[in-house]
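S.K.: What follows is a predicted protein model with its sequence.
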Amino acid sequence: MENLNLRESHMKLKKGRRVLLFPLPFQGHINPMLQLANILYSRGFSITVIHTDFNSPNSTNYPDFTFHSIRIGLSEEQANQLAWPIGDVIALLTSTNITCAAPFHGALVKLISESSEEEPVACLITDADWHFTQAVADSLHLPRIVLRTTNVCSFLVYEPLPLFHQKGYFPIKDSKAEEEIPEFPPLKAKDLPQVKTQNQEDLFYLVDSMMSSIKASSGLIWNTCRDLEHSDLIKSSELFKVPNFSLGPFYKHFPCTSKSSLLAQDPTSISWLNNQAPRSVLYVSFGSVATITEAELLEIACVMNQLVPITRVVGRRGLANSQQPFLWVVRPNSVENSEWIEVLPDGFHQAVAGKGHIVRWAPQEEVLAHPSTGGFWTHCGLNSTLESMSQGVHMICAPSFGDQLVNARYISDVWRIGIHLEWKMERGEIEKVVKALMVEEEGRKIRERAGALKEKMELCLKPGGSSYEDGQSLVDHILSL
Ligand code: UDX
């Protein structure tokens with residue numbers, strides 16, 4: 001049905017131009033790129049997705065798009081970095097920006113030469129992390145537009161990165177953590193987008209290359225809307241001086257993250273939710289990359305367990321006391337040194353049976369839209385954040401790295417639709433925050449604000465709304481290139 005609607009809209013608005021898209025091969029980047037592809041397809045463009053042979057999207061879910069695979073071309077040692085959990089994301093991005101250059105160039109030459117006169121290639125849209133693509137596009141005189149999949153502020157904060165480094169903020173030390181960053185209120189030093197890497201120089205180089213390749217590009221697309229990040233979007237236009245478009249949240253245009261999911265989504269998540277009371281369930285998930293330690297898993301488990309036996313094994317208190325049912329996603333290999341949840345003591349599953357459900361991967365979009373879902377304990381990746389906001393679900397913020405730290409501060413202090421756990425992954429603190437969000441007056445007010453923000457975002461997407469208008473401007477811009 002959805003494909004039919006998309007196809008109908010595409011045929012009606014057919015532009016006779018093709019757009020090539022190149023996502024970064026990670027879930028949090030593939031989802032928004034394919035959502036953007038759907039938006040452009042529905043506005044009449046034909047779509048080709050270029051992807052690496054690692055983490056390839058399932059092309060059969062997109063019968064209207066053309067897919068073109070390129071080799072990621074890593075050595076065995078580099079490829080090992082791709083094993084989950086990813087060791088050093090920055091090292092990996094540094095390598096792949098080199099190894100993909102030749103195969104990508106070959107792919108562009110082929111796709112451009114094979115494109116028909118009736119449907120020439122209008123432009124290339126790549127993830128901002130693929131900075132090497134600007135030089136390749138320039139060499140073939142193909143306009144390149146950039147998609148940045150984080151929130152705006154977390155990217156702007158990278159501009160003075162060397163300065164923050166000199167001030168001793170990277171990596172953050174306890175003595176500096178609470179220092180305010182006057183240029184980016186309300187961020188504190190501990191909210192700056194830290195990413196662990198062996199070699200800080202790689203991080204500086206990556207950021208610098210992304211920034212300059214955006215400045216040389218034909219435009220910048222953000223998966224956000226003016227109602228969420230108005231002043232940051234103005235700063236972005238001043239910094240990059242190329243046309244900026246914010247037409248998010250993308251997924252609200254055509255909800256369909258299940259199609260681009262790299263892992264199988266467990267349908268029992270929904271059948272289990274069907275048997276829970278309205279707004280009673282705390283949904284817990286930390287996205288596709290973040291990891292937790294075994295000790296943290298046990299702290300969470302303890303909080304999840306309301307019954308006696310397990311509390312004797314892993315501790316004394318917990319969500320035990322807050323009486324909240326929970327749906328908990330534990331991604332395979334997301335617990336350090338474990339394959340899954342084997343570290344949980346015997347008896348945990350019986351203890352929580354009926355009141356809790358653990359899955360490896362959930363249909364998150366459907367979970368957040370489900371009437372039984374009453375709150376989301378999240379790592380604050382931008383996709384999860386936008387999906388939650390779009391359903392008016394308020395959040396507990398437990399960021400892990402990078403832009404998630406900034407998103408978390410925005411959720412708690414700017415949009416005020418969640419409570420920040422402030423990195424206290426400890427049962428007493430978790431229990432306090434879960435209760436505050438799910439049952440106390442504070443949570444009720446936060447939920448009200450989340451509901452109001454949801455309505456605002458819906459207006460953004462309607463004719464006359466800022467995201468709707470930016471969508472039109474993007475179409476016009478691509479046609480003018
Ligand atoms: C990464 C970064 O961590 C994030 O900060 C950045 O903004 C994008 O890249 P990730 O950590 O995976 O992304 O988080 P997020 O942005 O939330 O994306 C996860 C996606 O996986 C979401 O679209 C979510 O719906 C989906 N998901 C998650 C599932 O389909 N099932 C799940 O069980 C969990």
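M.R.: Noted; the coordinates are in hand.

S.K.: When you work out contacts or count neighbours from here on, use the C-alpha atoms and nothing else.
M.R.: OK.

S.K.: Tell me the secondary structure at F54.
M.R.: coil (DSSP: H, G, I helix; E, B strand; the rest coil).

S.K.: so how far is stretch 205-224 off the chain centroid?
M.R.: Relative to its chain's centre, stretch 205-224 lies at 18 Å (CA atoms, centre = their mean, to the nearest Å).

S.K.: I misspoke; the intended subject was stretch 387-402.
M.R.: So, by CA atoms, centre = their mean, the centroid of stretch 387-402 is 10 Å from its chain's centroid.

S.K.: Then stretch 387-404?
M.R.: 10 Å.

S.K.: Mind checking if that stretch is in reach of the ligand?
M.R.: Yes - contact of stretch 387-404 with the ligand (CA under 6 Å from any ligand atom) involves D403, Q404.

S.K.: Just the endpoints, please. Distance across that stretch?
M.R.: 14 Å (CA to CA, to the nearest Å).

S.K.: need the helices for the stretch 301-450 of the chain, in chain order.
M.R.: Using DSSP state H, counting those that start in this stretch, the helices of the stretch 301-450 of the chain run over 308-314, 348-352, 364-369, 382-390, 403-409, 427-438, 441-461.

S.K.: Could you pull up the mean pLDDT of the fourth one?
M.R.: I take that to be helix 382-390. The pLDDT scores in helix 382-390 average 97.

S.K.: tilt between it and helix 441-461?
M.R.: Taking axes from the mean of the first three to the mean of the last three CA atoms, to 10 degrees, one finds helix 382-390 and helix 441-461 inclined to each other by 100 degrees.

S.K.: coming back round to it: so which of the helices of the stretch 301-450 of the chain is the most packed in?
M.R.: The highest mean neighbour count among the helices of the stretch 301-450 of the chain, using mean count of other CA atoms under 10 Å, belongs to helix 403-409: a mean of 26.

S.K.: Poorly predicted segments of this structure, please.
M.R.: 1-2, 81-86, 257, 306-323 (pLDDT under 70).

S.K.: Which residue does the stretch 51-200 of the chain have closest to the ligand?
M.R.: Here the residue of the stretch 51-200 of the chain nearest the ligand is T150; by CA to the nearest ligand atom that distance is 4.4 Å.

S.K.: contacting residues for that residue?
M.R.: W222, N223, G381, L382, D403 (CA atoms under 8 Å, 6 or more residues apart in numbering).

S.K.: mind redoing it with 7 Å?
M.R.: Contact analysis of T150 by CA atoms under 7 Å, 6 or more residues apart in numbering lists L382, D403.

S.K.: Then W361?
M.R.: L263, A264, Q265, D266, V329, R331.

S.K.: neighbours around the residue lying closest to V89 once chain neighbours are set aside, how many?
M.R.: Computed as CA to CA, 6 or more residues apart in numbering, the closest residue to V89 that is not its neighbour in sequence is T197, at 7.3 Å. For T197, the neighbour count with other CA atoms under 10 Å is 16.

S.K.: just the one 10 residues further on next, same as before
M.R.: For V207, the neighbour count with other CA under 10 Å is 20.

S.K.: ok so, going back, could you export the helices of the stretch 301-450 of the chain as TSV, including distance to L74?
M.R.: TSV is the format used below for these (distance: least, CA to CA, whole Å):
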stretch	distance to L74
helix 308-314	42
helix 348-352	41
helix 364-369	32
helix 382-390	28
helix 403-409	26
helix 427-438	41
helix 441-461	41
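
S.K.: Quick one, which of those helices gets closest to H51.
M.R.: helix 382-390 (19.9 Å; CA to CA).

S.K.: give the contact list for L147.
M.R.: I125, T126, D127, A128, L220, I221, W222.

S.K.: hmm, try it at 6 Å
M.R.: Taking CA atoms under 6 Å, 6 or more residues apart in numbering as the criterion, L147 is in contact with T126, D127, A128, L220, I221.

S.K.: partners of it in the sheet?
M.R.: With DSSP bridges as the criterion, L147 is bridged to D127, I221.

S.K.: can you check T378 too?
M.R.: Going by DSSP bridges, T378 forms beta bridges with S285, C397.

S.K.: In the stretch 201-350 of the chain, what residue lies closest to the ligand?
M.R.: Going by CA to the nearest ligand atom, the ligand is nearest to S288 of the stretch 201-350 of the chain, at 3.6 Å.

S.K.: Please report the distance of E117 from P399.
M.R.: Using CA to CA, one obtains 48 Å as the distance from E117 to P399.

S.K.: Would you mind telling me which of these two has the busier surroundings?
M.R.: The neighbour count for E117 versus P399, taken as other CA under 10 Å, is higher for P399 (24 against 9).

S.K.: Show the contacting residues for the more buried one.
M.R.: By CA under 6 Å, 6+ apart, the neighbours of P399 are H379, C380, L405.

S.K.: Reformat the residues you listed as TSV; add distance to the ligand.
M.R.: Below are the contacts of P399 laid out as TSV (distance: CA to the nearest ligand atom, whole Å):
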residue	distance to the ligand
H379	7
C380	6
L405	8
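
S.K.: bridging residues for W328?
M.R.: Bridge pairing for W328 - DSSP bridges - gives V284, I358.

S.K.: ugh, wrong one, I292
M.R.: On the basis of DSSP bridges, I292 is bridged to V335.

S.K.: How many residues are close by it?
M.R.: Neighbourhood size, I292 [other CA under 10 Å]: 16.

S.K.: Please apply the same query to the one 3 residues further on.
M.R.: Using other CA under 10 Å, A295 is surrounded by 15 other residues.

S.K.: Helix, strand, or coil at it?
M.R.: Secondary structure state of A295, per three-state DSSP, is helix.

S.K.: do L74 as well
M.R.: The local conformation at L74, judged by three-state DSSP, is coil.

S.K.: check contacts around it.
M.R.: Contacts of L74 (CA under 6 Å, 6+ apart): none.

S.K.: What's the separation between the residue nearest to M389 when sequence neighbours are not counted and W415?
M.R.: Closest residue to M389 apart from its sequence neighbours, by CA to CA, 6+ apart: K454 at 5.9 Å. Noted for K454: a distance of 11 Å to W415, by CA to CA.
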